[in-house]
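J.: Requesting a structural model of the entry that follows:
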Amino acid sequence: MGIFDRFKSQAQHKAKHVSDAAEQEVNEKTGKKYTDQVDDAQQKIEGATGMDRDRPEQP
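T.: Numbers count the residues shown, from 1 in each chain. Just a heads-up that it's a prediction; the model follows:
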């Protein structure tokens, strides 16, 4: 693993942490009323930025 790969890995880890924190904050502010919509938006943003995660498909 090269030095740039290591930086990229660390940046992606931090970005995922920030994404999760933002999702949690929005859910708290909205009283968890829009949890499904917030999760869908988070997945779309992460996909667009190349941060796809292994998440189970939701019905």
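
J.: Please count neighbours and contacts with C-alpha atoms only from this point.
T.: Noted.

J.: Against residue 32, how distant is the residue nearest the centre of the chain?
T.: Centroid-nearest residue in the chain, with CA atoms, centre = their mean: residue 19, separated by 4.1 Å. Distance, residue 19 to residue 32, using CA to CA, to the nearest Å: 16 Å.

J.: where does this structure dip in pLDDT?
T.: 1, 52-59 (pLDDT under 70).

J.: at 50 instead, please
T.: Low-confidence segments of the chain (pLDDT under 50): 57-59.

J.: Do a quick rundown of the helices in it.
T.: 3-29, 35-48 (DSSP state H).

J.: before we move on, the earlier item: which one is the residue nearest to the centre of the chain nearest to, not counting chain neighbours?
T.: Nearest non-adjacent residue to residue 19, counting by CA to CA, 6 or more residues apart in numbering: residue 42, 7.2 Å away.

J.: residues near that neighbour, how many?
T.: Neighbourhood size, residue 42 [other CA atoms under 10 Å]: 16.

J.: Now do it against residue 48, distance only.
T.: Counting by CA to CA, the gap from residue 42 to residue 48 is 10 Å.

J.: ok, back up a step: ok, the residue nearest to residue 19 touching residue 21?
T.: No: in this structure residue 42 lies outside contact range of residue 21 using CA atoms under 8 Å: 10.9 Å.

J.: Now do the contacts for the residue nearest to residue 34 when sequence neighbours are not counted.
T.: The shortest distance from residue 34 to any non-neighbouring residue, by CA to CA, 6+ apart, is to residue 27 (6.9 Å). Neighbouring residues of residue 27 by CA atoms under 8 Å, 6 or more residues apart in numbering: 33, 34, 35, 38.
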